[in-house]
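Chemist: Below: sequence and its predicted model.
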Amino acid sequence: MNAEEAKKRVMASITEITDGEVEPTEEMNLIGKDARLDSMKLVELCLSLEDQAGDLGFEFDWTSEAAMSRSRSLFRTVSSLAEEFHAQAQAQA
Amino acid sequence: MIIVTGASRGLGRAVAERLIFSGREVLSLSRTSEGAPGDSVTCDVSDYEAVKAVAQSLRKEKREIEGLVNAAGIASMNLAVTTPPSMTQKLIQTNLAGTIHCCQLFAPLMIRKKAGSIINFSTIAVTLGLKGESIYAASKAGVEGFSRAFAREMADFDIRVNCVAPGPIKTDLLKGVSDEQIDAIVAQQILPKLFLPDDIADLCEFLLGPQSQSLSGQVLKVGGA
């Protein structure tokens, strides 16, 4: 999985969990006042990515201290989450 | 499957045994597997990474979790001014952080199913403000506060979170507490009687079952206070 595929997976997951109601963009905020997903959907997004990671053969850990320190918050935007997803896949390859 | 922490002895063991007797599948978590009924895994809940390893393993095995009973805990009956900092740290880390670790790491297994019941253990000492239990009560007051807020966070996923707050119950945890001290505490309960581990198991069965579907974010004080 390359970085572009990781981004596509995150975006597809957002579309799926919101039943198409949210059209994600790379810079869409995932947390904060401009966030387009509520906290429930954010958890569902994490679980979806965790499941996909399992299918791809790696563990996606969205609570790790390392992930938080690398990017302040991996949930800032769709891009930052995709970057972290990709980075963890690469680290465990 | 229902996960029961602190299942090798005391109230955790009584709850795990009851659930197994009632035909439920139980995974017992405890620091030592000796005495833990049913399938058991050695796990110190105060260690985040250890709990995480158990959660990851359950997810990989696609085990379905219906409930979590956080009964793991330690007690230290001592005046605050004579309690060493290491004991304060241990009480907070096991009773409060251990409960939080299990909730945050096992809840996602229930979120996938959008169903589940979580029971955290507090103590009647929180309400009664018992002398010699200040730090223990502080750790459990944290559990109550956490549980109320966590119940709201989990409500969207149809997962209920409640606390059971026992008074003195005849278990190893009361070793070193005199009969006079126990009687004095029991006398402060609305129902001034010494309850048994089986009474706690009754309550847990109720909270895990559909009869309690209207309850979340509650602290059930055993004996009343």
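Modeler: Cool, the structure landed. As the structure is a prediction and not an experimental result, all values here were calculated from the model. Numbers count the residues shown, from 1 in each chain, chains lettered A, B, ... in the order given.
Chemist: so B:Ala97 touches B:Ser46, yeah?
Modeler: Yes - with contact defined as CB atoms under 8 Å, B:Ala97 counts as touching B:Ser46 (6.1 Å). From N, CA and C alone the C-beta is placed, and that goes for glycine too.
Chemist: I'd like to know how many residues surround B:Ser57.
Modeler: Number of residues near B:Ser57 (other CB atoms under 10 Å in any protein chain shown) recorded here: 11.
Chemist: Can you tell me the element it falls in?
Modeler: In this assignment (DSSP states H and E), B:Ser57 forms part of helix B:48-60.
Chemist: Residues in contact with that helix: which ones?
Modeler: Taking contacts as CB atoms under 8 Å, 6 or more residues apart in numbering or on different chains, the residues outside helix B:48-60 that touch it are A:50, A:54, A:59, B:27, B:29, B:41, B:43-45, B:65, B:97-98, B:101-102, B:105-106, B:108-109.
Chemist: Now list the buried members of the residues you listed.
Modeler: A:50, A:59, B:27, B:29, B:41, B:43-45, B:65, B:97-98, B:101-102, B:105-106, B:108-109 (16 or more other CB atoms under 10 Å in any protein chain shown).
Chemist: Restricted to strands, list the residues you listed.
Modeler: Applying DSSP state E to the buried ones among the contacts of helix B:48-60, the entries found in strands are B:Leu27, B:Leu29, B:Val41.
Chemist: Look up how far B:Glu61 lies from the first one.
Modeler: In this view, B:Leu27 and B:Glu61 are 11 Å apart by CB to CB, to the nearest Å.
Chemist: Helix or strand with the lowest mean pLDDT in chain B?
Modeler: Lowest on mean pLDDT, DSSP states H and E among the helices and strands of chain B sits helix B:179-186, with a mean of 91.
Chemist: cool, and chain A?
Modeler: Going by mean pLDDT, DSSP H and E, chain A bottoms out at helix A:65-71, a mean of 65.
Chemist: B:Asn162: helix or strand, and which one exactly?
Modeler: Assigned by DSSP H and E, B:Asn162 falls in strand B:159-165.
Chemist: And chain A, is that strand touching that?
Modeler: No - looking at strand B:159-165 against chain A by CB under 8 Å from any CB of the partner chain, there are no contacts, and the closest approach is 11.2 Å.
Chemist: CA atoms of that strand as PDB?
Modeler: This file holds the C-alpha atoms of strand B:159-165, laid out as PDB (Å, rounded to 0.1, in the frame of the first residue of the first chain):
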ATOM      1  CA  ILE B 159     -23.200   0.100  25.300                       C
ATOM      2  CA  ARG B 160     -24.200   0.700  29.000                       C
ATOM      3  CA  VAL B 161     -21.700   1.500  31.700                       C
ATOM      4  CA  ASN B 162     -22.500   1.200  35.400                       C
ATOM      5  CA  CYS B 163     -20.700   1.000  38.700                       C
ATOM      6  CA  VAL B 164     -21.300  -1.400  41.600                       C
ATOM      7  CA  ALA B 165     -20.200   0.000  44.900                       C
END
